[in-house]
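>>> dropping the sequence and predicted coords here.
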Amino acid sequence: MDILKPIKRIGADTVAITGNPDSALAKQCHFHLDIGVRSEADPLGLAPTSSSTATLVLGDALAIAVMETRGFKEKDFADLHPGGVLGKKLLLTVDQIFHKGEEIPLIDKDIKIQDALLIISEKGLGFTGIVNDSGSLIGIITDGDIRRGFEKGGEDLFNMTAEHLMTDSPKRIAANTLAIKALEIMEEHSITSLFVHETEDLEKLCGVIHIHDLLNTGI
């Protein structure tokens, strides 16, 4: 009851939620919401069961009503809970978690497959990008590509160049894209990595992102 005094001093309206409209608390508040129940659900009628459920339901209803009245959106929720799953889905972007600089696996198109395998192993992401003479990204080779190629061609595979084994037109994404969108693209195309570009025109490569980077965030 003591808390009502400072609340009233600042001129705030008060709302009591009780099961007794004649209670002292109900009478001292500006408004009263009656959640009285006929009886509790336990055999003795003593434990707060029905009454606690009624309180929870009313609290949820009030919260939803306030959300609708104020136009509370997912973005507002994310701003207030940045560390939660929803916050990460709505706020976390690719450029916050991607690999850049020396961490990017890239090789020239004329490099032999055996050397490509060394780069893939060294970078530890399970793939490498392929660039042409001007440094533009033209393809991708995964450790799975090399494994399947070896099963078909044996050791002759290692004498081939990266350009002969690569998959053309690897999937790309802009650095400012939401991380959850990157995950959706990977799932849609059944791939585990994306090349990251500085802007949405997808011209300048600035990094790579692996599905493990996304899953480790908890999104």
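It's in.

>>> which secondary element of this structure has the worst mean pLDDT?
Using mean pLDDT, DSSP states H and E, helix 74-80 stands out as the lowest-scoring helix or strand of the chain, at a mean of 81.

>>> quick one: that helix to chain centroid distance?
Centroid separation for helix 74-80 versus its chain: 13 Å, with C-alpha atoms, centre = their mean, to the nearest Å.

>>> this structure - how does it break down into domains?
4-91, 94-215 (automatic domain parsing).

>>> hmm, back to that, dump the least confident helix or strand of the chain to CSV, keeping only the CA atoms.
Extracted in CSV, the C-alpha atoms of helix 74-80 (Å, rounded to 0.1, in the frame of the first residue of the first chain):
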residue,chain,number,x,y,z
GLU,A,74,8.6,-6.4,-34.0
LYS,A,75,11.4,-3.9,-34.5
ASP,A,76,10.4,-2.2,-31.2
PHE,A,77,10.6,-5.6,-29.4
ALA,A,78,14.0,-6.3,-30.9
ASP,A,79,15.3,-3.0,-29.8
LEU,A,80,14.3,-3.8,-26.2
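
>>> that helix - contacts with which helices or strands?
Counting contacts by 3 or more C-beta pairs under 8 Å, 6 or more residues apart in numbering; DSSP states H and E, helix 74-80 is packed against helix 85-91. Yep, even glycine has a C-beta here, placed from its N, CA and C like the rest.

>>> now, of the domains of the chain, which is deepest in the fold?
When the domains of the chain are scored by mean count of other C-beta atoms under 10 Å, the highest mean neighbour count falls to domain 94-215 (a mean of 16).
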